[in-house]
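Novice: here you go, sequence then predicted model.
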Amino acid sequence: MIKQNVNIVNFSSLYEILDEIKENLFFNIINYETEKSFIKIEKDIPNDSLIIGNLSKNNLSKNNLLVLKNFPISLNKLIELININLIKLKFDYQSNSTIKNYDLNLNSKFISRNDVNLKLTEKEIEIILYLNLKKTKVNILDLQKKIWGYSSDLETHTVETHIYRLRKKINDKFNDKKFIKSHIEGYYI
């Protein structure tokens, strides 16, 4: 499981405390000494607030901030609030992914285009995400290992069957034979 990043602004003591227990956290922590070194944060956030965010230059939104104004707060309560906020962010992120000209909703397991929806299985989603992530041609052995966890001495029929069925479903629903392409070197999106 990939850990999300939590950016802590203007609160070095909290960063130091969390850094001491980082092995037990479900997130990575990043310390920003001032909000200017982080990003320009909207002016309606009080100065005495703790600002925790899961932000990057590509993801600048006040919706991705957790602003705590009520102090003191226990460390357990703080970690609980951070985890809840990260779960909400992850849910929102998974609700709206775009691959090619399709919308992929990982929460409801639908791929859609032009108000037409297609229900996908968990494996089909994993295949699509992996092929999209790689940005190169992926051979059957790599798919076997990464998606199914198989070793290279097993048959490749499982991968080929899943890819065939997924391509057929997408073609039948969206009339798109080129969503997942095949090449002598492997499959790609």
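Specialist: Perfect, I can see it now. Numbering: from 1, shown residues only.

Novice: how close does the residue sitting furthest away from the middle of the chain get to residue 79?
Specialist: Relative to the mean C-alpha coordinate of the chain, counting by Cα atoms, centre = their mean, the farthest residue is residue 72 (32.0 Å). According to Cβ to Cβ, to the nearest Å, residue 72 stands 15 Å off from residue 79. C-beta coordinates here come from the backbone N, C-alpha and C atoms, glycine included.

Novice: in CSV, list the C-alpha atoms belonging to the helix or strand where residue 78 lies.
Specialist: Per DSSP states H and E: residue 78 is located in helix 75-95. Presented in CSV, the C-alpha positions along helix 75-95 are these (Å, rounded to 0.1, in the frame of the first residue of the first chain):
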residue,chain,number,x,y,z
LEU,A,75,-2.0,12.9,19.8
ASN,A,76,-4.3,9.9,19.2
LYS,A,77,-7.2,12.3,18.2
LEU,A,78,-4.9,14.2,15.9
ILE,A,79,-3.7,11.0,14.1
GLU,A,80,-7.3,9.8,13.9
LEU,A,81,-8.3,13.1,12.3
ILE,A,82,-5.4,12.9,9.8
ASN,A,83,-6.3,9.3,8.9
ILE,A,84,-10.0,10.2,8.4
ASN,A,85,-9.0,13.2,6.2
LEU,A,86,-6.7,11.1,4.1
ILE,A,87,-9.4,8.4,3.6
LYS,A,88,-11.8,11.1,2.4
LEU,A,89,-9.2,12.5,0.0
LYS,A,90,-8.4,9.0,-1.3
PHE,A,91,-12.2,8.3,-1.8
ASP,A,92,-12.6,11.6,-3.7
TYR,A,93,-9.5,10.9,-5.8
GLN,A,94,-10.7,7.4,-6.7
SER,A,95,-14.1,8.7,-7.7
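
Novice: gap between that helix and the chain center?
Specialist: Computed by Cα atoms, centre = their mean, to the nearest Å, the chain-centroid distance of helix 75-95 equals 13 Å.

Novice: can you pull the buried residues of that helix?
Specialist: If you call a residue buried by 16 or more other Cβ atoms under 10 Å, then helix 75-95 has these buried ones: 78-79, 82, 85-86, 89.

Novice: what's downstream of it, the next helix or strand?
Specialist: Downstream of helix 75-95, the first helix or strand assigned by DSSP H and E is strand 97-99.
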